[in-house]
Structure formats: structure tokens, C-alpha cells
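Colleague: I'd like to go over a predicted model; first the sequence, then the structure.
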Amino acid sequence: MKRLTSILAISSSLAIMFTSCSIPGGGSVKQINPDNIPYDLNATTTSSPPTTTVASTTTSPVIETTTSTSSSTIPVEIVSMFFVAGAQVVPIDRLLLTPAAAPQVLAALSEGPPEGDAAAGLRSALPVGFVAEVTVERGIATVELPGTFITDLPGGEQRLAVAQIVLTLTRQAGVGQVRFTSNNEPQPVPRGRGDLSSPGATVACDDYANLLPSNFSC
């Protein structure tokens, strides 16, 4: 009997609970102003991540052409060449392909001063169309002069031209002295002070130091 009373009490409690939680069957619907809804309840949420829109364009991409360091770079080196300024012979830097060997340097010297402000007022005493062969052995450069160099060039111009050749070649690595030949015979050349060297004797930078600017030394 006591057990039956407990079961009836529990049933009564459940009935009351369901009755209080049930949805009312009647009543009126009241419209609420959206401005009065709390932000957290009024916010629109989505589970998908925001989509980034990429604007399309009809313009072709601009491709800048650059020189690749690993494949297209042309190796060059600075070479000092000597040209005439008044009664002196002065150096000017030029860029040549590396390694700049003696024949390449002498050929560039025969082209005359480069264009530009750096070479303004400079000239070459070498005759137009000057071509000479040069070989280097044991630190001595042997220059084979054309026959016209001796016959067609005045003595004063010969001195400046020889100075240009000697000073330019002896600034190159591995060259300390210069010897001159013509028609495969030893050739004397004027030194800086005007005296002639012995046929086939070597000359060096010091032999033309008096033609250099005061701030330049061998």
C-alpha cells in the first residue's frame, strides 16, 4: 500500500511538470522593433569562412626583362689606358671583356679615347689604323711595330705613342717591361726624355715617368 502511494505521488509530479512546460495553445504575437533586439541575438552567423573575391582584369601582366646574374652577365674588368693631354700622358679607365689579354688591350688602345666627358680633351698619338702584334713571355711584352710607325710618325709623336703603349701594357698583370721590334728586327724607341733605347732593349714605366701627371707614380 505504501509502495502504491509513492508511485501515485511521482505520477502526479510528472503530470504537473509536463503541464508547466507545454506550449500555450493561445495568446497573442507581439512584434518587437529590431533595434531593441540584443546584438548577439540579431547577428547573422554562418559556418562557412568568408569568401575572398578576386577582381579579374583584362590587362596583360607587365614582364620586366632583367639580366640573369647566373646566365647572362657579361664579365668585364677595368683596364687603365693612357692617352695624350698636352705634353703629358694620362690614364683613363675602360671596361674590357675579362680576361683582358695584352693583344686585346693594345687593340682597344689603338681605337683612341672613348667617348664621354671623362675623355674630353684627350687624344692618341698612335697613327690612324694602327695595328701591332704583341706577345708576352716571362713578364716582357714584345710589340711588333708596323714599318710606317717609324717612317711616317714625327719624333715627338713617336715618343708619346711609345709612352702610351708602354704605360698601358705595364699596367696589366704579368707585364713589367716592353720590347719593340719591326720587320722582326730589334727596334730602338724614344724614351720619355727623348733619348733612344738600344735596339731590342726593354723599356718600362720609369722610362716615361716624366710624361706622367705629378699625382701618378709607377
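Modeller: Received, thanks.
Colleague: outside of stretch 127-145, which residues touch it?
Modeller: 101-103, 106-107, 110, 146, 148-149, 152-153, 161, 165, 169-170, 174-182, 184, 187, 202 (CB atoms under 8 Å, 6 or more residues apart in numbering). Where C-beta positions appear, they are placed from N, C-alpha and C, glycine not excepted.
Colleague: show me where this structure has helices.
Modeller: With helices called from DSSP state H, the chain shows them at 2-21, 39-42, 102-110, 147-152, 155-169.
Colleague: ok, back up a step: now restrict the contacts of stretch 127-145 to buried residues only.
Modeller: 102, 106, 110, 146, 149, 153, 161, 165, 169-170, 175, 177-182, 187, 202 (16 or more other CB atoms under 10 Å).
Colleague: got the contact list for R171?
Modeller: R171 neighbours (CB under 8 Å, 6+ apart): 79-80, 91, 205.
Colleague: those residues in strands, which ones?
Modeller: Counting by DSSP state E, the contacts of R171 place 79-80, 91 in strands.
Colleague: quick check on the residues you listed: which are buried?
Modeller: Buried among the ones in strands among the contacts of R171 by 16+ other CB under 10 Å: 79, 91.
Colleague: redo the ones in strands among the contacts of R171 as CSV? Include pLDDT and distance to P127.
Modeller: Output for the ones in strands among the contacts of R171, formatted as CSV (pLDDT from 0 to 100; distance: CB to CB, whole Å):
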residue, pLDDT, distance to P127
V79, 95, 22
S80, 95, 22
P91, 94, 21
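Colleague: pLDDT below threshold where in the chain?
Modeller: Applying pLDDT under 70 to the chain flags residues 1-71.
Colleague: and the strands in it?
Modeller: Under DSSP E, the chain gives strands at 76-85, 88-97, 133-137, 140-145, 177-182, 185-186.
Colleague: need the ones you listed in a markdown table with distance to L211, can you?
Modeller: What follows is the strands of the chain, written out as a markdown table (distance: least, CB to CB, whole Å):
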| stretch | distance to L211 |
| --- | --- |
| strand 76-85 | 9 |
| strand 88-97 | 5 |
| strand 133-137 | 21 |
| strand 140-145 | 18 |
| strand 177-182 | 15 |
| strand 185-186 | 23 |
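Colleague: which one of the ones you listed lies nearest to L126?
Modeller: Among the strands of the chain, strand 76-85 comes nearest to L126, with 9.4 Å by CB to CB.
Colleague: and that closest one, what's buried?
Modeller: For strand 76-85, the neighbour count (16+ other CB under 10 Å) marks 79, 81-85 as buried.
Colleague: for it, name the packing helices and strands.
Modeller: When contacts are defined as 3 or more CB pairs under 8 Å, 6 or more residues apart in numbering; DSSP states H and E, strand 76-85 packs onto strand 88-97, helix 102-110, helix 155-169.
Colleague: need the winner for burial among those.
Modeller: Using mean count of other CB atoms under 10 Å, the stretch among these with the largest mean neighbour count is helix 155-169, at a mean of 22.
Colleague: hmm, back to that, what is the nearest of the contacts of R171 to R191?
Modeller: C205 (11.4 Å).
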